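J.: predicted model, plus sequence, below.
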Amino acid sequence: MQVVGLTTQQQVYVASKERKFRINEMLKIIDSELNYPLGEVIETQSYNRYIPLAIDNSFVDQGVIESLKSIGYNLAEDEINIAKVRLLEEAPYPIQTGVDVDIPSFDEVKDLLVKEEPEEGLVLGVIKGTEEMASGMDDHLKGIAPLLEDDKVIAQEGIPFNFKLKAMHKYPHIGIIGGSGSGKSFGMRVILEELMKLEIPTIVFDPHFEMDFATPFPNLAEEKQVNFNDNFAVYQIGQDVGVNFAELSSKDLTDLLAAASDLSDSMINAVQKLHQKRDSLLTFDQRLGDLQEAQRLGQNRIERDLKNGAVTGNKKEEYNNYLGLLREFGDLPASSISGLAWRLGRLKREGLFSHSIDQIEEGVRARKLVVIQGPIWLLQVFATYALGTLYRKRRDYKDAQYRRQEADYFPPFVVATDEAHNFAPKGYQSPANKIIKEIAQEGRKYGTFLILATQRPTLLDETVTAQLNTKFVFRTVRATDIETIKQETDLTADEAKRLPYLRSGDAFVSSAIFGRTLAIRVRVAKTTSPHTKNPFEELEEQSNVEIERLYEAVVDELPIASTDIAFKLEQVNKNLEETLDVEQLRDKLDLLVEEGLITTEDSFMNDETYRVKD
Amino acid sequence: MNEITTGLKSLLQECNQKLKEKYQNQANLAQKELRNLISQKVGKIVTLNEIDQQEIEEWLAEQDVVGVDGSINTLGKNYPHYITLLQALAKSTDKNKEGIVKHEAFSPLIDEDRDKIRKKTYKDNLAQENKDVIVYPQEAAGKIKSSLLAALEILVAKDSILEWNPKLIMMDGSLIRYQMQAEEEWKRLVELALENDVILVGVIEEIGTNDLSKNLADDLPAKMIEMYDRELLFGLLEMGEMIKLEEIDSFKGETLSSVFLRTTRDPGVIGLDILKEQEQELDLIAALVQSLTPAGGRGIPIWLDIVDEEVRITDKMMELLIDNYLEPGLKQKLFHAKSLDRIY
């Protein structure tokens, strides 16, 4: 290997006849005057001057190459491999052309590539292009990041990529960018597994209901499996966790209601007027309901009924109350009030107000990973509320500490979510936008960190994007997103060009911690999403189950003559625990025949009999 | 401006007319008749056998094929202010064997070379039959250069026999060129080749002979008598066909056997020369040449292209060499052509 051609202070070309270059591999340039600079291969090419791409001129056909081989000359051996190598650090003056190039030993790159011991940091995968250096690696760096190749788990190849979690204190927040199938969710899962390993309190908002860590990855060897069951908890909004209505500010409530369905200006106005401090769900709901009823009845009728004594006792009291409400809020449009009532009803039906966030808080304090699942519209508002509350606790504790006051301890924590562009969208207000932005800008101070995954970085709030000090960029195809990535990371134009072609699980890491872009391959996850089953396979399986059940129910009643179906019906229905009529049972029996589980036989009188298959 | 191009245009049209008149006569004799005539009087037209890899390997029996080629490049334009570098290479198909290279430099400004030119001029003028025609030193110098290159090529070929003992040496160009331009050296090479059973073959890309018309003079239409072989042969052969010249009157004839063959889709033909003593191998070598030539190519085996690529002294290389090893003052004074400084 040799430096050839024109060199600059930043990059050189290296050529070799024997060795093929691998993208992203590290090379040592034997330029003694520059103290043996290291470089990374950023582009590779092979060329054979005897087999040019000549469209107009003669093309060297295979027959000729074969004949040449038979007289002893192998054209293929004239191939020259060329690598474009970018220096890791700019040199004071250009590299000397013609100097040798070598593969560095592990010790020479250790400081550059291994920033953290594996037990202290997040072992997320391997650094690509380090395969050859890895042999000289310390033992505790080996075998910690097995990889996935065509659905098979293979041994770690290369130096592990250990993300230095502690550096987040200086360079906070992580972004994960990639299209569907790019390995983004996998990457997120691996990061979360590693956070559990270190017992970092984490809150995960999971719109896809996929972040469950109970199922081990199927192809992973048993000794590599880790039981995370004590390290995480999954809660569903409305089922396990919810919002404590009494703690809501009018603004929170507005956001919540808006999440159910958009609010008009007059509705927002109505919420602000109607919602009172220390309102419980009951009091607010009742106020809303009463006002609605009062508006339905109308002031005149209420006054008339009160005057002429048509209402008495409780009813009278009620009517007086209505009158009071009308006086206070009567100017609010009735349509707005009924709109609010409907929205509140929707949230109530979701169970949002029946629970609290106590479990989440407990989980965070116990250094667990807490997964919160729910439909995305609800998750957004819930996140606003839950994050706001927990972040405030953490902030209060830290602020008190800064002021040297006693305060209740609340641990630092990490917030992770997929579809982050829904939580902090660019260009319009979303409920969670404010709190995410606040954590993005101030979280470092309070030890609250974000891990935001999105497939549309272009749609993510720019203030937030700018605060993501580490970005994992997976395969991205959309040109606008690639453009955004180029602006927001230190990926070079060459690297950006490779984005649409990255393999699933390969990513560029652009991080202030490393100071440059690294290409990595994410390790195999130790656990798997609970619903990776293909829905079409599931459909097939489910029908098979149905047919099996049907068969079990009729098999003891066979043979059944078609004239006898009515007699057997009762018993079959009992077995099936269903109520079929004669025609339905006949269809079911025909279905079993079609599936080949039972057979029919013509009996006399031109009838048929269903029989057990031999 | 307009006038100039108009003038050139009419001149070219005139040229075209003249050429057309001359070559349309070829139509007087249909391709078929010409083929018949050739096969009756000059040599058989045969179709080459296809040769497969195994046959080649068996024939070679672990021996190599060597390609020989030379290159020449000159700095400076006008006699005697120029310097010429010559280089010849013998390259074996075995990659482990480093090519044999020989170099030479020639410049009329150097005393020894000038002496050579003087002698050559004198000799050639003596030999000249028509005393009105004078041989000038620049012509003599040109001839010396050609001879030097031929001699260099022969020398590397000779060394390749001594070092590698190959089965076959393929030379770029007609063997007659070596025989004429470096007679002594050639003789020695032939002896050595025959002694060691090394086959010498010359591959001729640009056929410059007129043997066919000379030998068919009595049967050709008047206007075709003057035609060169390449003109007559253009489009005459199918791809993979070969004319084996037999018993014809040619200045090559005494020592060499020749064939014409069409190896590509291009209608032009190439020629092969081989020593008379080795002509029994001609069929096989023609087939080998055919199999080594890309069908869409320029007709000569790719092996010679590879050798040529390696030996060629490119202008760039020439410039680098001169700039490095010739004092700038000398270069400017002796070899620099003012025309190179033209702005437009």
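T.: Arrived safely.

J.: now do the contacts for A:Val555.
T.: With contacts defined as CB atoms under 8 Å, 6 or more residues apart in numbering or on different chains, A:Val555 is in contact with A:Ile598, A:Val612. From N, CA and C alone the C-beta is placed, and that goes for glycine too.

J.: tell me the pLDDT at it?
T.: Here the pLDDT value assigned to A:Val555 is 81.

J.: contacts only, for residue 140.
T.: Since you didn't name a chain, this refers to chain A. Neighbour list for A:His140: A:Glu117, A:Pro118 [criterion: CB under 8 Å, 6+ apart].

J.: let's do chain B instead
T.: Residues counted as contacts of B:Ala140 (CB under 8 Å, 6+ apart) are B:Ile117, B:Lys120, B:Thr121, B:Asp124.

J.: which one of the residues you listed is nearest B:Leu292?
T.: B:Lys120 (38.0 Å; CB to CB).

J.: for A:Gly289, what is the enclosing helix or strand?
T.: A:Gly289 is part of helix A:281-297, with elements assigned from DSSP states H and E.

J.: buried ones in the longest strand along chain A?
T.: For chain A, the strand that runs over the most residues, judged by DSSP state E, is strand A:38-48. Within strand A:38-48, the residues that count as buried by 16 or more other CB atoms under 10 Å in any protein chain shown are A:Leu38, A:Gly39, A:Glu40, A:Val41, A:Ile42, A:Glu43, A:Thr44.

J.: what residue in the stretch 101-250 of chain A comes nearest to chain B?
T.: The minimum distance from the stretch 101-250 of chain A to chain B, using CB to the nearest CB, falls at A:Val101 (22.8 Å).

J.: in the chain, which residue is most central in space?
T.: Went with chain A since none was named. Nearest to the mean C-alpha position of chain A, by CA atoms, centre = their mean, lies A:Asp418 at 3.6 Å.

J.: would you map the helices across the stretch 151-300 of chain B?
T.: With helices called from DSSP state H, counting those that start in this stretch, the stretch 151-300 of chain B shows them at B:175-181, B:183-196, B:211-215, B:229-233, B:282-291.

J.: buried set for the third one?
T.: Under the neighbour-count criterion of 16+ other CB under 10 Å, helix B:211-215 has B:Asp211, B:Leu212, B:Ser213, B:Asn215 buried.

J.: and what of stretch A:100-117?
T.: A:Val101, A:Pro104, A:Phe106, A:Glu108, A:Val109, A:Lys110, A:Leu112, A:Leu113, A:Val114, A:Lys115, A:Glu116.

J.: got the residues you listed as CSV, with distance to B:Lys20 and secondary structure columns?
T.: Formatted as CSV, these follow (distance: CB to CB, whole Å; DSSP: H, G, I helix; E, B strand; the rest coil):
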residue, distance to B:Lys20, secondary structure
A:Val101, 62, strand
A:Pro104, 71, coil
A:Phe106, 77, helix
A:Glu108, 74, helix
A:Val109, 73, helix
A:Lys110, 79, helix
A:Leu112, 74, helix
A:Leu113, 75, helix
A:Val114, 80, coil
A:Lys115, 80, coil
A:Glu116, 84, coil
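
J.: possible to save those as JSON lines with pLDDT?
T.: Below are these laid out as JSON lines (pLDDT from 0 to 100):
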{"residue": "A:Val101", "pLDDT": "92"}
{"residue": "A:Pro104", "pLDDT": "89"}
{"residue": "A:Phe106", "pLDDT": "86"}
{"residue": "A:Glu108", "pLDDT": "85"}
{"residue": "A:Val109", "pLDDT": "84"}
{"residue": "A:Lys110", "pLDDT": "85"}
{"residue": "A:Leu112", "pLDDT": "82"}
{"residue": "A:Leu113", "pLDDT": "84"}
{"residue": "A:Val114", "pLDDT": "85"}
{"residue": "A:Lys115", "pLDDT": "84"}
{"residue": "A:Glu116", "pLDDT": "84"}
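
J.: quick one: stretch A:462-477 to chain centroid distance?
T.: How far stretch A:462-477 lies from its chain's middle: 14 Å, per CA atoms, centre = their mean, to the nearest Å.

J.: show the end-to-end separation of it, please.
T.: 20 Å (CA to CA, to the nearest Å).

J.: what's the mean pLDDT across that stretch?
T.: Summarised as a single mean, pLDDT over stretch A:462-477 is 91.

J.: what's the answer for stretch A:183-194, then?
T.: On average, stretch A:183-194 scores 92.

J.: now swap in stretch B:309-327 and tell me
T.: Averaged across stretch B:309-327, pLDDT comes to 88.

J.: give me the residues contacting that stretch.
T.: For stretch B:309-327, contacts defined as CB under 8 Å, 6+ apart pick out A:49-50, B:69-73, B:75, B:83, B:85, B:87-89, B:91, B:99, B:101, B:331, B:335.

J.: give me that answer again for 6 Å
T.: Outside of stretch B:309-327, the residues within contact range by CB atoms under 6 Å, 6 or more residues apart in numbering or on different chains are B:Asp69, B:Ser71, B:Asn73, B:Leu75, B:Leu85, B:Gln87, B:Leu89.

J.: give me the lowest-pLDDT entry from these.
T.: Among the contacts of stretch B:309-327, B:Leu75 carries the weakest pLDDT, at 87.

J.: quick one: that one and B:Ile83 touch, right?
T.: Yes. Between B:Leu75 and B:Ile83 a contact is recorded at 5.3 Å, counting by CB atoms under 6 Å.

J.: where in the chain is pLDDT low?
T.: I went with chain A, as the question did not name one. Along chain A, the model assigns pLDDT under 70 to residues A:54-59, A:531-533, A:603-606.

J.: you looked at the wrong chain, it should be chain B
T.: For chain B, applying pLDDT under 70 flags the ranges B:1-3, B:25-29, B:247-253.

J.: list the contacts of the residue nearest to the centre of chain A.
T.: A:Asp418 is in contact with A:Ala453, counting by CB under 6 Å, 6+ apart.

J.: which among the helices of the stretch 151-300 of chain B is found nearest to chain A?
T.: Closest to chain A of those is helix B:282-291 (CB to the nearest CB; 4.1 Å).

J.: what's the following helix or strand after the closest one?
T.: Under the assignment DSSP H and E, the closest C-terminal helix or strand after helix B:282-291 is helix B:302-311.
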